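Enquirer: I would like to see how this sequence folds:
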Amino acid sequence: MPPSARFTIKKRIEPPITLYFILIIGLICHQPAQLFGQVVRCTVVDRLTQKEVPYVSIASTQTGAGIHADEEGYFEWGSTRSGDTLAISCVGYKPLKVAFDLLDQDRMNRLALSPDTVILKEFVVKPGTRKRTKEIGFYHYPPNSKRGMAAGGISDNQVFVNYYKNNEGKEGLLSRLLFDLKASNPGQGSSKARIRIMRYDPETGLPGNDLLPKDIIVSITPLSHDIALSVEKYNVPFPVEGIFIGLEFICHNEFIYKNQSLKKQKSDCPLIRMTREKEYDQIGKGYYWTKFRNKWQWVCISDGSAFPNKAMVGNVFKFGARVVFYE
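Expert: Residues are numbered from 1 along each chain as shown. Have a look, this model is predicted:
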């Protein structure tokens, strides 16, 4: 066989590697839905006013992972799971669940939240009663320099609360909320947090429904480590059974869900300072929302149940509040 014929046969049996590479790149660029699942775009609005609702929480009911919408209520969600459902929630609104398969990939989906009426018992002040203010919590405690927790998104411990026991034996009125934070690094940008005030659920001993009648978002910068917020005008009670108060952090570029850890995303999350309370059973405990033992749940950091080495026993977040009692 002449050399030219042998050369021709060799070329025919070699795999066209360059062509395969081009085909793969083409599939990735032009058919992302087939490779990475469906992607939907949504805007969350108020059902009554039709205005966008900012920083809404969105989470998968299958995995518990999720994101926040941006300041205009916009978010994107990609999923390869069939039958997934998105749980959409925000303080001041009724929770909404939407089947992912029912959302349209080819247009903007407009999701409406209905305002939720928080019914609070009227706080009556009788003539001649004496007003007394008491500080609860751990805001003025010295910080524990060896302990702290970094906030994250819904996938990474984004809600941090303290439970405050009511040792007065009577109902009071929340007057002011206090939070001690610290920037994680000198170059940290601004982030935000949602105020969370939640009932004590007597059946579980864990946070229940939100008590704030409206959504309150606060800004956090490296120069404003402390948050002091007056809430007396909202008439939120300090119940006899106690209350949970804390922050839900919005500090990732996270309005696009890509099935990846938020630790890989740019974060402007602050450091949540901690302190110690030996009598935590009598004063109050710290909790955060996380995936623990393969289940998304509230975890107590103070009683040692979540940390086998007992290193966190007695630790609580450096949060506090002022309560008004009328006598």
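Enquirer: Quick one: find the helix or strand in this structure with the lowest mean pLDDT.
Expert: helix 32-36 (a mean of 40; mean pLDDT, DSSP states H and E).
Enquirer: Would you mind pulling up the elements that the helix or strand following it packs against?
Expert: Next in sequence after helix 32-36, counting helices and strands by DSSP states H and E, comes strand 38-46. Counting by 3 or more Cβ pairs under 8 Å, 6 or more residues apart in numbering; DSSP states H and E, the packing neighbours recorded for strand 38-46 are strand 74-79, strand 108-113. Using the backbone N, CA and C atoms, a C-beta is placed for each residue, glycine as well.
Enquirer: will you turn those strands into CSV that also has mean neighbour count?
Expert: Output for those, formatted as CSV (neighbours: other Cβ atoms under 10 Å):
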stretch, mean neighbour count
strand 74-79, 20
strand 108-113, 16
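Enquirer: among these, which is nearest L48?
Expert: strand 108-113 (8.9 Å; Cβ to Cβ).
Enquirer: Give me the pLDDT for I13.
Expert: According to the predicted model, the pLDDT of I13 comes to 48.
Enquirer: for the one 5 residues further on, same thing?
Expert: The per-residue pLDDT reported for T18 equals 55.
Enquirer: What of G152?
Expert: G152 carries a pLDDT value of 54.
Enquirer: do the same with I245
Expert: 98.
Enquirer: M198 versus that one, what's the distance?
Expert: 8 Å (Cβ to Cβ, to the nearest Å).
Enquirer: Look at the two and report which has more neighbours.
Expert: Neighbour count, other Cβ atoms under 10 Å: between I245 and M198, I245 has more, with 28 against 22.
Enquirer: Name the nearest residue to that one, ignoring sequence neighbours.
Expert: In space, and not counting its chain neighbours, I245 is closest to I197: 5.3 Å by Cβ to Cβ, 6 or more residues apart in numbering.
Enquirer: measure the residue nearest the centre of the chain to Y74 for me?
Expert: Closest residue to the average C-alpha location of the chain: Q158 at 3.8 Å, with Cα atoms, centre = their mean. For Q158, the distance to Y74 equals 19 Å [Cβ to Cβ].
Enquirer: roughly how far apart are G66 and S57?
Expert: 7 Å.
Enquirer: about what we covered before: my read is that the residue nearest to I245 contacts E248, right?
Expert: No: judged on Cβ atoms under 8 Å, I197 makes no contact with E248 at a distance of 11.1 Å.
Enquirer: quick one: contacts for V45?
Expert: By Cβ atoms under 8 Å, 6 or more residues apart in numbering, the contact list for V45 reads 51-53, 73, 110-113.
Enquirer: Check the burial of the closest residue to P95 other than its chain neighbours by counting its neighbours.
Expert: Spatial nearest neighbour of P95, excluding adjacent residues (Cβ to Cβ, 6+ apart): S89 at 4.6 Å. Neighbours of S89 under the rule other Cβ under 10 Å: 17.
Enquirer: can you map out the helices along the stretch 1-150 of the chain?
Expert: Ranges of helices in the stretch 1-150 of the chain, per DSSP state H, counting those that start in this stretch, are 3-13, 17-30, 32-36.
Enquirer: With the stretch 151-300 of the chain instead?
Expert: 280-283.
Enquirer: any weak-confidence spans in it?
Expert: 151-157, 183-190, 224, 252-267 (pLDDT under 70).
Enquirer: make it 90
Expert: The model of the stretch 151-300 of the chain has pLDDT under 90 over residues 151-158, 181-193, 213-214, 219-227, 249-273, 288-297.
Enquirer: got a list of what the residue nearest to I245 touches?
Expert: Counting by Cβ under 8 Å, 6+ apart, I197 has contacts 174, 177, 210-212, 231, 236, 243-245.
Enquirer: and if we set it to 10 Å?
Expert: Listed by Cβ atoms under 10 Å, 6 or more residues apart in numbering, the contact set of I197 reads 91, 161, 174, 177, 207, 210-212, 216, 231, 234, 236-238, 243-246, 321.
Enquirer: Could you confirm M312 falls within a helix?
Expert: No: assigned with DSSP: H, G, I helix; E, B strand; the rest coil, M312 falls outside any helix and is coil.
Enquirer: Show the model's pLDDT score for it.
Expert: 83.
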